[in-house]
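# pasting the structure only:
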């Protein structure tokens with residue numbers, strides 16, 4: 001196949017001139033408009049005779065076969081589609097020699113994202129595949145900790161001048177990820193880039209076949225999975241995670257199947273709850289970036305006067321988990337936690353409180369039995385505690401109630417005492433109070449989760465496994 005000017009226009013630059021006198025090169029997708037006449041000119045290697053192939057795009061009566069073995073004639077615009085390599089053959093009157101012209105679209109239409117299965121069909125031009133690889137390499141610029149870096153894929157493929165470029169000849173593609181001068185990348189990200197660069201350099205399954213321009217012809221079937229793997233690794237580098245697919249337990253991630261009472265407090269609308277605020281000391285609850293915000297406007301009396309929210313509690317066993325964030329819990333007399341109400345609609349109904357209590361000497365996790373305006377205030381047991389965010393859990397198995405808390409939402413500490421109650425709770429909720437301290441006492445609730453069974457002590461996990 002001779003290295004003439006037409007081939008250079010088509011395969012290297014991805015453009016075509018529509019006539020011998022045309023001085024403006026155009027992308028093939030622009031040149032081949034419906035109804036246009038496109039003349040492709042080939043110089044006869046045996047002499048100076050110019051042979052022409054005239055094809056009309058879009059005309060139903062003018063058809064073309066794309067190879068000698070093609071048995072179906074079609075219009076040119078149906079044959080030349082995105083990503084197709086169309087071969088137009090002519091017969092040289094002087095010697096039966098065939099000339100082939102590969103017509104390719106320009107690479108501007110190619111985008112690529114990783115998927116679970118190969119989403120690249122191989123039906124795009126060499127320049128388009130190069131463009132896809134370049135796009136993937138450029139995405140490395142967002143590496144966490146990196147500054148001033150523009151990543152690009154460097155093609156170091158060398159085709160020896162003395163190699164015989166037969167139709168099926170293949171050479172290994174050699175490439176690497178490079179960054180502009182002055183780029184700064186953190187250690188973990190740099191390690192990932194080295195892995196990525198090595199994989200590209202090794203490129204066992206990505207082979208480049210030499211053409212006139214020395215580019216890959218897209219004929220290797222394994223390229224789909226190889227490109228997917230590359231895209232996945234680039235995504236890994238972007239997220240600063242090592243080793244491809246990374247899974248971790250996220251204790252705050254909503255469960256795959258939400259419980260009937262669950263609330264993530266993340267939709268901006270406080271709904272599904274009733275207010276527990278007989279003394280009218282609480283601001284209207286609001287939802288924001290940190291979950292539900294509850295504010296106590298006044299300093300209370302010397303005994304707990306609870307404020308909070310509640311909803312109906314179904315009969316039967318359960319496991320209830322919540323996340324409480326209370327930055328000012330070290331203030332003397334501050335409370336925040338879960339409550340099981342005898343009847344939250346009654347100002348004289350009893351409740352069991354389980355949560356944080358601030359004091360002069362620090363603060364504790366406490367199970368506290370009291371009334372709204374208490375005739376009794378009995379603290380049954382407590383643990384010392386040293387964090388302002390706590391995960392609280394209450395379980396019911398039959399008529400027995402179990403209480404536990406956690407710093408991280410994964411490793412739980414059982415409260416020393418389980419208990420039975422003198423009543424069957426009708427409601428469950430979040431309550432807080434400040435007996436002796438600040439006005440404007442604020443807590444935040446990250447989530448509220450309900451499961452209609454007792455998960456037991458040995459199933460202490462909140463959240464779920466997530467894939468990054």
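Thanks, I have the structure now. Note that this is a predicted model, so its numbers are computed, not measured.
# give me the below-cutoff pLDDT ranges for the stretch 151-300 of the chain.
Scanning the stretch 151-300 of the chain for pLDDT under 70 picks out 151-248, 299-300.
# 80 instead?
Within the stretch 151-300 of the chain, the ranges that satisfy pLDDT under 80 run 151-250, 256, 289-290, 298-300.
# nearest spatial neighbour of residue 340, skipping sequence neighbours?
In this structure, residue 340 finds its nearest non-sequential neighbour in residue 425, 4.0 Å apart by Cβ to Cβ, 6 or more residues apart in numbering. Placement of C-beta: from N, CA and C, glycine included.
# can you get me a residue count around that neighbour?
21 (other Cβ atoms under 10 Å).
# my read is that it contacts residue 311, right?
No - counting by Cβ atoms under 8 Å, no contact exists between residue 425 and residue 311, whose distance comes to 11.6 Å.
# quick one: residues contacting the residue nearest to residue 340.
By Cβ atoms under 8 Å, 6 or more residues apart in numbering, the residues touching residue 425 are 313, 340-342, 352.
# as JSON lines, those residues with pLDDT and distance to residue 455 would be great.
Listed next are these as JSON lines, based on pLDDT from 0 to 100; distance: Cβ to Cβ, whole Å:
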{"residue": "313", "pLDDT": "97", "distance to residue 455": "17"}
{"residue": "340", "pLDDT": "93", "distance to residue 455": "17"}
{"residue": "341", "pLDDT": "93", "distance to residue 455": "22"}
{"residue": "342", "pLDDT": "92", "distance to residue 455": "25"}
{"residue": "352", "pLDDT": "87", "distance to residue 455": "20"}
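# quick one: the strands in the stretch 201-350 of the chain?
207-208, 247-250, 274-276, 286-288, 291-296, 307-312, 318-325, 334-341, 350-359 (DSSP state E, counting those that start in this stretch).
# among these, which is the most enclosed?
strand 334-341 (a mean of 26; mean count of other Cβ atoms under 10 Å).
# show me what that one is packed against.
Secondary-structure packing of strand 334-341 (3 or more Cβ pairs under 8 Å, 6 or more residues apart in numbering; DSSP states H and E): strand 307-312, strand 318-325, strand 350-359, strand 362-371, strand 389-397, strand 427-434.
# could you dump the ones you listed into JSON lines with distance to residue 456 added?
Output for these, formatted as JSON lines (distance: least, Cβ to Cβ, whole Å):
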{"stretch": "strand 307-312", "distance to residue 456": "24"}
{"stretch": "strand 318-325", "distance to residue 456": "9"}
{"stretch": "strand 350-359", "distance to residue 456": "18"}
{"stretch": "strand 362-371", "distance to residue 456": "19"}
{"stretch": "strand 389-397", "distance to residue 456": "8"}
{"stretch": "strand 427-434", "distance to residue 456": "19"}
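# between the ones you listed, which one is nearest to residue 266?
strand 318-325 (12.3 Å; Cβ to Cβ).
# name every strand pairing with that closest one and say which way it goes.
According to DSSP bridges, strand 318-325 has the following sheet partners: strand 389-397 (antiparallel), strand 441-451 (antiparallel).
# quick check: residue 454 touching residue 317?
Yes - using Cβ under 8 Å, residue 454 makes contact with residue 317 at a distance of 4.4 Å.
# who touches both of these two?
Residues touching both residue 454 and residue 317 (Cβ under 8 Å, 6+ apart) are 395-397.
# out of these, who has the most neighbours?
In those, the most neighbours by other Cβ under 10 Å go to residue 395, 23 neighbours.
# how about the contacts made by that one?
Neighbouring residues of residue 395 by Cβ under 8 Å, 6+ apart: 317-320, 401-404, 454-456.
# likewise residue 293?
Counted by Cβ under 8 Å, 6+ apart, residue 293 has contacts 285-287, 442-444.
# count of residues packed around residue 285?
What residue 285 shows, counting by other Cβ under 10 Å, is a neighbour count of 18.
# quick check: it touching residue 296?
No - proximity of residue 285 to residue 296 does not meet the contact threshold set by Cβ under 8 Å, at 11.6 Å.
# give me the common contacts of those two.
Taking Cβ under 8 Å, 6+ apart as the contact rule, residue 285 and residue 296 have no neighbour in common.
# who are the contact partners of residue 432?
Here residue 432 is in contact with 294, 296, 306-308, 326, 334-337, 441, 443 (Cβ under 8 Å, 6+ apart).
# relative to residue 344, how far out is the closest residue to residue 312 other than its chain neighbours?
Excluding the flanking residues, the one nearest residue 312 by Cβ to Cβ, 6+ apart is residue 427, at 6.0 Å. Per Cβ to Cβ, to the nearest Å, residue 427 is found 4 Å from residue 344.
# ditto for residue 259
From residue 259 to residue 344 the distance is 19 Å (Cβ to Cβ).
# more neighbours: which of those two?
Neighbours were counted for residue 259 and for residue 344 using other Cβ under 10 Å; residue 344 has more, 28 against 16.
# didn't the more buried one look like it was pressed against residue 277?
No - counting by Cβ under 8 Å, residue 344 stays clear of residue 277, with 10.5 Å between them.
# circling back: and the helices and strands packed on strand 334-341, which one averages the lowest pLDDT?
Mean pLDDT is lowest for strand 362-371 out of the helices and strands packed on strand 334-341, coming in at a mean of 55.
# closest one to residue 412 among the strands paired with strand 318-325?
With Cβ to Cβ, the closest approach to residue 412 among these belongs to strand 389-397: 6.6 Å.
# tell me the angle that closest one makes with strand 427-434.
140 degrees (axes from the mean of the first three to the mean of the last three Cα atoms, to 10 degrees).
# show me what the helix or strand just after strand 389-397 packs onto, helices and strands only.
Sequence-wise, the next helix or strand downstream of strand 389-397 (DSSP states H and E) is strand 400-406. Where contact means 3+ Cβ pairs under 8 Å, 6+ apart, strand 400-406 is packed against strand 389-397, strand 412-414.
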